[in-house]
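[1] need a 3D model of the sequence below.
(chains A and B)
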There are 2 protein chains.
Amino acid sequence: MALKWKNLNDTDAFTQLRRTDTLFNPADDLTEERVNSWKVSAVAGITFYYGASMLTEIDISRLQALSDEQNLIGKYKAVINGERINTGENRRVLHQLTRGQLGKDVVENGENIRSFYEEQNTRIRDFSGKVHSGIIRGSTGKAFDTVVQIGIGGSDLGPRALYLALRQTQTPKMKAFFVSNVDPDDAADVISLINPETTLFILVSKSGTTQETLANRDLIMARMKAAGVQDYNPAKHIIAVTSKTSPLAESSSVLDSFFIDDYIGGRYSSTSAVGGAVLSLALGPDTFDALLDGAGEVDKASLEKDIRKNASLLDALIGVFNRNVLGLPSTAVLPYSQALSRFPAHLQQLDMESNGKSVNRRGEAVSYPTGPVVFGEPGTNGQHSFYQLLHQGSDVVPLQFIGFRESQKGEDVETFGSTSQSKLNANLAAQIIAFARGSNNKNPNKNFDGMRPNTLLTAKRLNARVLGGLLAHFENKVMFQGFCWNLNSFDQEGVQLGKILAGSVLDGSSDDEALKAYASILGVK
Amino acid sequence: MALKWKNLNDTDAFTQLRRTDTLFNPADDLTEERVNSWKVSAVAGITFYYGASMLTEIDISRLQALSDEQNLIGKYKAVINGERINTGENRRVLHQLTRGQLGKDVVENGENIRSFYEEQNTRIRDFSGKVHSGIIRGSTGKAFDTVVQIGIGGSDLGPRALYLALRQTQTPKMKAFFVSNVDPDDAADVISLINPETTLFILVSKSGTTQETLANRDLIMARMKAAGVQDYNPAKHIIAVTSKTSPLAESSSVLDSFFIDDYIGGRYSSTSAVGGAVLSLALGPDTFDALLDGAGEVDKASLEKDIRKNASLLDALIGVFNRNVLGLPSTAVLPYSQALSRFPAHLQQLDMESNGKSVNRRGEAVSYPTGPVVFGEPGTNGQHSFYQLLHQGSDVVPLQFIGFRESQKGEDVETFGSTSQSKLNANLAAQIIAFARGSNNKNPNKNFDGMRPNTLLTAKRLNARVLGGLLAHFENKVMFQGFCWNLNSFDQEGVQLGKILAGSVLDGSSDDEALKAYASILGVK
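    Here you go, the predicted model:
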């Protein structure tokens, strides 16, 4: 049966949902019972608590009706069954296939795509093992001890955030660095930290033509050669992660190539070879597989139709409520874990690049707000910074907290009667309540209105499985929201215009006098 | 003459400003001439270009009228002359005194406060020299080669962002690390990278009672002692930056103390001893002095009444136009320089903590939007990420670009006919035009509406003087906006409630069952 695609404001359920005139009042009604029972039980170790949202039972029922009317689960099934959901580019959307056993096999031109992804994962495992055991070595005979990922956007933010999140859970097998910005100072910084003879580079570009990434490759390789190490051969120090049809694939200028295809979007590629190569090399293939397992568990749980039992679906719907009923334009992601320092930057890309759109799947303008601005920093740091606006600013910002009962390293001491981990989480619990309840004070400057909706994702400890689960939670949340808004969440036409104009500056073909004036001001040669 | 404080919507100028019904149309009218002439000429090496804002000449005149009616320059003069502008806390606001010769001397209880700040700077210069020359050494006799700043919020974000911005301009005199989060994994990470014998810690807390900072001090010192180095004496490895009345001041548990006072807010403290100690130790006192010089130049230029000649004032007013006339709820800061990777996080704090408020200076609720959500990442990275929403999302986000004609290190190569620096800046120029002009396309999915206002701050190269200028530009911008909105930009009552509730969890005094439920979920002991 063909899927029906409807704009949000053409659904009966949204008409009902907008009738909400009484928000839940946490100042009076946020009880211990609600805190403990408004949750979706653990999947991949992660429990979702939503008692401090501003929803009533009636709202939840209406969100269930919206999920049903928009057939969110049916559309998700179409994704994992390989339908060409990315209509703009006429592509399938198969990142979930990289990590689980969902859906049916997807076969194209006689090739089973799941097997293709699995084969790449196996090849990476094999390659990593040979690097770690010293069978594969640098061109001067020394073992590799460092890996440098050269990529940008989806080839950078996700893998970088995941590496930072896990590097303290174990002794890394190799040091890892990332170069992304075409600013030459970015590469220069990493170059100053590495030894050419023992460094393996991973060049990541699906098309094999990403300007920044190729420029950084050439810049870095020129510097490596300039180091003047005898017998140094750059081609023996670089692998590619790219598509089979790209100019980088199986080129003689690289040691080996690992493949992705057009069905894995950049921002959804962390569980493909794009994340697999660097994470397997730096942290070991078992760690990467545990990440895939966690993501796969969440993918499976995301098939549940009852929104009260499906955390990513419910989280998506709460976001739609905040955006389209309460009219709130941004969302903050606040992990109480320093290891997740760059996870908000990845989610910012994932969300804003997927749903920062104002035309629907048929290319018609939509009349309702879509993807919010997403930003965040780890707590407690943010508490001493931008939380002022979150508590007392003129606009309400919904909050997505993440926290863990235990620290990763367990290196803790008791001061002033409590451990640092207890202080961290006491602050997190306190913020949840402070934002929801507020606090009355006769001095208006010390008054807190509360009614600032927030939710909590929590697990025992941040390990690879939990991290994979968090990653898939947000990927699926964004996907469900795209379905609600009737968007294509899997293309990114908005990044094209700037690329074209930049090219016209560099090749001298632009006849835009204002553009040339800015280029001149900025010293472009 | 006493200053008059008025709400924005009580001014005649704002009534006029709101009459704007025709925005500037860059698709047709953004000419080379406008690009080159709509600028504020260089101060501290920085030029401000605002041709790609959506303002007409009439709007500029109305903004001038608003500046005059709200007496923004008069209020700034009151700040630098030491009036108690921070009414909520009954405090003067004197961060500009740390770096320039503005205003009259401020004397309190017979002490000249400018001299006090200068004395601290001189003491830091002297101390740094002795550390660098090996006169002051660690307790086991080894020279210090590493400095670790322990602080949070204003004692962390600014100094950290400035250190990262400048560390590639020279060979650092000492390696620098920062510990802020009470998450014990944050300290554990830094501990794994340092040698106790050669590391000097800087404990930064104005009150001397910041929970996270003291917990991190105790955690780190316990680990240093546990390293078991013979003769190691922690008190010889730590200095304090604090107020004279704090428990940390001149304590026997520290090697030396450097002072700030209540007239320097945390988020404004980068040019005080808070930034001075770590930057002078890591990069040398001359670098810190150059930073002060650049900030002082901008402070002086910020006294100009003609908004067309005062970049921070004009930038502030353009922000008010975007927020209160166009109704835009957020702002992105986009530096095309990897060295400024954490500068947006500092500005996020500076802006959101200062103006994220909804009561005026008299404690009355205001009826207009105040400080926006501020976020950002370096370009070109962001282009491959959240720029999708910025170009085609349902909400318009004003943009603040920053760019430099030359890279810091100059380590560059030509690929595909251009250097990396030229590619970087061609992209920046292209984005300015793409956001402003947009591009018509029959395919709505590839259509760009444009009309996305943006401005550019640019200089030849990012060095200490330019960085100081940028810092002061944004500090003064935020101050002027606070005056426009009739806010007290210098207190932060919004961070208090969470602290109180966290304390009540940790000492067991809370009787809030929901709070205790969350604490239990999070394993707080």
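[2] mean confidence for whichever strand or helix holds A:Arg125?
    Per DSSP states H and E: A:Arg125 is located in helix A:113-132. Taken as a whole, helix A:113-132 carries a mean pLDDT of 97.
[3] return the helix or strand that that helix is followed by as CSV; C-alpha atoms alone will do.
    Following helix A:113-132 in sequence order, the next helix or strand is strand A:146-150 (DSSP H and E). Extracted in CSV, the C-alpha atoms of strand A:146-150 (Å, rounded to 0.1, in the frame of the first residue of the first chain):
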residue,chain,number,x,y,z
THR,A,146,48.5,7.4,15.3
VAL,A,147,45.5,7.8,13.0
VAL,A,148,44.4,11.1,11.5
GLN,A,149,40.9,11.4,9.9
ILE,A,150,40.7,14.0,7.1
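[4] parallel or antiparallel, list what pairs with strand A:146-150.
    According to DSSP bridges, strand A:146-150 forms sheet pairs with strand A:175-179 (parallel), strand A:199-204 (parallel).
[5] which of the residues in the helix holding A:Arg125 are buried?
    Of the residues in helix A:113-132, A:113-114, A:116-117, A:120-121, A:123-125, A:127-128, A:131-132 count as buried by neighbour count, 16 or more other CB atoms under 10 Å in any protein chain shown. Every C-beta, even on glycine, is put in place using the N, C-alpha and C of the backbone.
[6] which strands and helices lie in contact with that helix?
    For helix A:113-132, the contact count by 3 or more CB pairs under 8 Å, 6 or more residues apart in numbering or on different chains; DSSP states H and E identifies strand A:256-260, helix A:273-283, helix A:285-301 as packing neighbours.
[7] how about 6 Å then?
    strand A:256-260, helix A:273-283 (3 or more CB pairs under 6 Å, 6 or more residues apart in numbering or on different chains; DSSP states H and E).
[8] out of those, which is the most enclosed?
    Highest mean neighbour count among the helices and strands packed on helix A:113-132 (mean count of other CB atoms under 10 Å in any protein chain shown): helix A:273-283, with a mean of 27.
[9] and that helix, how far out from the chain's middle?
    How far helix A:273-283 lies from its chain's middle: 16 Å, per CA atoms, centre = their mean, to the nearest Å.
[10] do stretch A:396-413 as well
    Chain-centre distance of stretch A:396-413: 18 Å, with CA atoms, centre = their mean.
[11] that older thread, quick check: angle from the helix holding A:Arg125 to strand A:146-150?
    140 degrees (axes from the mean of the first three to the mean of the last three CA atoms, to 10 degrees).
[12] can you map out the strands along the stretch 351-500 of chain A?
    With DSSP state E, counting those that start in this stretch as the criterion, the stretch 351-500 of chain A has strands at A:373-375, A:399-404, A:414-415, A:418-419, A:454-459.
[13] my bad, should have said the stretch 1-150 of chain A
    Going by DSSP E, counting those that start in this stretch, the stretch 1-150 of chain A shows strands at A:39-43, A:46-49, A:107-108, A:111-112, A:146-150.
[14] ok, A:Ala430 - how many residues close by?
    Residues contacting A:Ala430 under the criterion other CB atoms under 10 Å in any protein chain shown number 27.
[15] okay, how far is it across stretch A:506-524, tip to tip?
    End-to-end distance for stretch A:506-524, by CA to CA, to the nearest Å: 8 Å.
[16] contact partners of that stretch?
    A:504-505, B:30, B:32, B:35-36, B:403, B:405, B:418, B:422, B:425-426, B:428-429, B:432-433 (CB atoms under 6 Å, 6 or more residues apart in numbering or on different chains).
[17] narrow these to those that are buried.
    Judged by 16+ other CB under 10 Å, buried ones among those: A:504-505, B:30, B:32, B:35, B:403, B:405, B:418, B:422, B:425-426, B:428-429, B:432-433.
[18] sorry, back to before: which of the strands paired with strand A:146-150 is buried the deepest?
    Between the strands paired with strand A:146-150, strand A:199-204 has the highest mean count of neighbours, a mean of 26, where neighbours are mean count of other CB under 10 Å.
[19] residues making contact with whichever helix or strand comes after it?
    Once strand A:199-204 ends, the next helix or strand along the chain (criterion: DSSP H and E) is helix A:211-226. If you take CB under 6 Å, 6+ apart as the criterion, helix A:211-226 is touched by A:150-152, A:179, A:182, A:187, A:191, A:196, A:203, A:205, A:234, B:380, B:413, B:415, B:420, B:423.
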